[in-house]
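In: here is the input, now give the coordinates:
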Amino acid sequence: MESKIKDYAAKSAVITGFGAGLYPLFFYYSNNYALINSWNHLGFFIVFFLVSPVVFFLICHFIFKIKRLKPWREKAFTFFNVTAFLNFIALCLYAGIKWSLVFGAVVIGVIAALFLSKFLKKIVLLQLVLAFINLFWLVPTIYEQLNYNDSWTQQPDDIESVVFKKTPNVYYIQPDGYLNFSEQYKGNYQLATNPLELYLKENQFTHYPNVRSNYTSTVISNAATFMMKHHYYNYGFNFTEITNGRQIVMGENPVIDIFKKNGYKTHFVSETPYLMANKPKIGYDRSNFNKKNINYITKGFDGKQNVLDSLQRYLKEEPTKKKFFFIQIFKPGHVSSKLSDSEGPAADKQRWLQNLDISNRQQKEIIDTILAQDPNALIMIMADHGGYLGWDHMMGIRSKTQDRDQLYSAFSTNLAIHWPDNQQPDFDDRFKSGVNVFRILFSYLGENTQYLESIQDDGSYTIIEHGAPKGIYKVIDGDGSISFNKVE
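Out: Numbers count the residues shown, from 1 in each chain. Down below sits the predicted model:
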């Protein structure tokens, strides 16, 4: 009988540790699957959320077998279980430690230990029930991943076999949330002037007005740009992610493959490892971030680096080698993603304007550095999406609107290109949206206009959940006019 009691006590310790971590594990996967969809992540999270607390409670089980500590066992287990559970949830929500929340979890844990220790079994049962309920979200997420259809990635022609006749070094500079000059002087922005526009003109950049992103956020927009195809959010409803989005952007795409086939060395240079947050396979030859040093729990904004330092270093390497650079900077940015994080329209605009000055300076420094060593470079500046000024938060675009200024605030992107010898192609009027920019560039580099016959639809798309039947809608047509047509 005594051995059975001991076995039950040990099993109880295991279940208590299991209960503390199982729901947070399922919760994190349900809400961040695209950030953690690798076997390495799965192994780490099983150890972190399940194995560690189970081992901890087993150790506590043996410690509290000591006679003078035994009366405190249930209170201690309740404290540790509740505190661990709440801290795991906070970590899942914020992808980092917030000490105010840690303190709050400890306080709640103490209260639970003092007044609820006799209900420990019910607390653990509730945690396990929550984990079971969360399976109704997690299982469909995994099912969608396992049944992912990548047919949209297939090209309509043989552009992946293009042979470049022109081989300048190519630099793609992407400032986050930098809408087109053609929109900055009207609508929700009303700038009097922007010194970057004059700077670009003085440095022989050709500016392309009214260009737009096809999608609403960084990863999703870049996936279409680097794949040169529409994905329509994979017909899902995640605002910032699509299946394998980061894998696509960071290497599994025809843009990187085409440059490599034409003898280019490819470089990814970014301020943060945001596009590497799920540790994808890197297709670039060089990256200023090592995915081994990226945390498993992160939103991708840890360990910020100065892109200019990395750029200068890579420019000096193999000076005779043809090079492609994808340079990502995160200003001026955009309004808050969620309403709860918003400080209001006035504060949003003031912050965006301040960040605009910083972004302008960064772009000038990058361009000056490039042109000093590579005056005949092909430099393309194109943002991922707009700044969203006029919106209370980015998620607001999930509600139906046909307000032209609102939509252009979200989708408008600046596009300016420094053409070698200041000779732009006679078909550069085809630049209208991000999905086609590389197809047009490859037509120029390959001196082959047949690839323009497969230009993709230049429409802009968003997820709609409010004000109309839920679905994916084209809200700006290829010609730039406002529309509202559901994608079937």
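
In: all strands of the stretch 51-200 of the chain, in order?
Out: 170-175 (DSSP state E, counting those that start in this stretch).

In: do a quick rundown of the helices in it.
Out: Taking DSSP state H, counting those that start in this stretch as the test, the helices found in the stretch 51-200 of the chain are 52-63, 73-94, 99-115, 120-146, 181-184, 195-202.

In: which of the ones you listed sits closest to residue 465?
Out: The stretch from these with the least distance to residue 465 (Cβ to Cβ) is helix 120-146; that distance is 16.0 Å. (Each C-beta comes from the backbone N, C-alpha and C, glycine too.)

In: tell me the buried residues in that closest one?
Out: For helix 120-146, a neighbour-count test (16 or more other Cβ atoms under 10 Å) marks 120, 123, 124, 127, 130, 131, 134, 138, 141, 144 as buried.

In: same check on stretch 421-432?
Out: 424, 425, 430, 431, 432.

In: cool, and stretch 403-412?
Out: For stretch 403-412, a neighbour-count test (16+ other Cβ under 10 Å) marks 406, 407, 408, 409, 410, 411, 412 as buried.

In: okay, and which of those residues map to strands?
Out: Nothing among the buried residues of stretch 403-412 maps onto strands, per DSSP state E.

In: need the residue closest to the centroid of the chain.
Out: With distances taken as Cα atoms, centre = their mean, residue 219 lies nearest the centre of the chain, 4.6 Å away.

In: related to what we said a few turns ago, and the buried residues of stretch 403-412 as TSV, adding pLDDT?
Out: Shown next, in TSV, are the buried residues of stretch 403-412 (pLDDT from 0 to 100):
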residue	pLDDT
406	92
407	94
408	95
409	93
410	92
411	95
412	94
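
In: mind listing which of the residues you listed are in helices?
Out: Mapping the buried residues of stretch 403-412 onto helices (DSSP state H) picks out 406, 407, 408, 409, 410, 411.

In: tell me the one of these nearest residue 54?
Out: Of all those, residue 410 has the smallest distance to residue 54: 45.9 Å, by Cβ to Cβ.

In: ok, the closest one touching residue 389?
Out: No: at 9.5 Å, residue 410 and residue 389 do not qualify as touching, with contact defined as Cβ atoms under 8 Å.

In: so what sits against both of these two?
Out: Shared contacts of residue 410 and residue 389 (Cβ atoms under 8 Å, 6 or more residues apart in numbering): none.

In: what's the weakest-modelled helix or strand in the chain?
Out: Within the chain, no helix or strand scores below helix 2-32, which has a mean of 77 by mean pLDDT, DSSP states H and E.

In: can you give the domain ranges for this structure?
Out: Per automatic domain parsing, the structural domains of the chain span 2-146, 153-486.

In: straight-line length of the last one, end to end?
Out: For domain 153-486, the first and last residues are 21 Å from each other (Cα to Cα, to the nearest Å).

In: quick one: contacts of stretch 49-62?
Out: Applying Cβ under 8 Å, 6+ apart, the contact partners of stretch 49-62 are 9-10, 12-14, 16-18, 20-22, 24-25, 28, 76-77, 80-81, 84, 88.

In: going through those, which ones are buried?
Out: Looking at the contacts of stretch 49-62 with 16+ other Cβ under 10 Å, the buried ones turn out to be 12-13, 16-18, 20-22, 24-25, 28, 76-77, 80-81, 84, 88.

In: residue 75: how many residues sit nearby?
Out: Look at residue 75: counted by other Cβ atoms under 10 Å, it has 19 neighbours.

In: what pLDDT does it get?
Out: Note for residue 75: predicted pLDDT of 86.

In: isn't it right next to residue 118, touching?
Out: No: Residue 75 is beyond contact range of residue 118, at 9.6 Å (criterion: Cβ under 8 Å).

In: quick revisit: of the domains of the chain, which shows the lowest average pLDDT?
Out: Looking at the domains of the chain, the bottom one is domain 2-146 with a mean of 83.

In: what separates it from the chain centre, distance-wise?
Out: 28 Å (Cα atoms, centre = their mean, to the nearest Å).

In: now swap in stretch 181-189 and tell me
Out: With Cα atoms, centre = their mean, you get 26 Å for stretch 181-189.

In: how long is that stretch end to end?
Out: 10 Å.

In: so which bits of it are buried?
Out: Those would be 181, 182, 183, 184, 187, 188, 189, for stretch 181-189 by 16+ other Cβ under 10 Å.

In: equivalent analysis for stretch 354-361, please.
Out: Buried residues in stretch 354-361, counting neighbours by 16+ other Cβ under 10 Å, are found at 355, 356, 359, 360.

In: again, but for stretch 456-476
Out: So for stretch 456-476, counting by 16+ other Cβ under 10 Å, buried means 456, 458-464, 472-476.

In: so which of these are in strands?
Out: Reading strands off the buried residues of stretch 456-476 with DSSP E, I get 460, 461, 462, 463, 464, 472, 473, 474, 475, 476.

In: could you work out the most separated pair of the residues you listed?
Out: So, these by Cβ to Cβ: farthest apart are 463 and 476, at 14.5 Å.

In: now residue 338: closest residue in space, sequence neighbours ignored.
Out: Spatial nearest neighbour of residue 338, excluding adjacent residues (Cβ to Cβ, 6 or more residues apart in numbering): residue 393 at 5.6 Å.

In: tell me, how many neighbours does that neighbour end up with?
Out: Considering only other Cβ under 10 Å, residue 393 is surrounded by 17 other residues.

In: hmm, residue 335 and it touching each other?
Out: Yes: assessed by Cβ under 8 Å, residue 393 is found in contact with residue 335 at 6.0 Å.

In: anything in contact with each of these two?
Out: residue 342.

In: need the helices of the stretch 51-200 of the chain in TSV with distance to residue 212, can you?
Out: Output for those, formatted as TSV (distance: least, Cβ to Cβ, whole Å):
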stretch	distance to residue 212
helix 52-63	47
helix 73-94	32
helix 99-115	39
helix 120-146	28
helix 181-184	10
helix 195-202	18
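
In: the helix or strand hosting residue 325 pairs with which strands, parallel or anti?
Out: For residue 325, the element it lies in under DSSP states H and E is strand 323-329. If you go by DSSP bridges, strand 323-329 pairs up with strand 170-175 (parallel), strand 265-270 (parallel).
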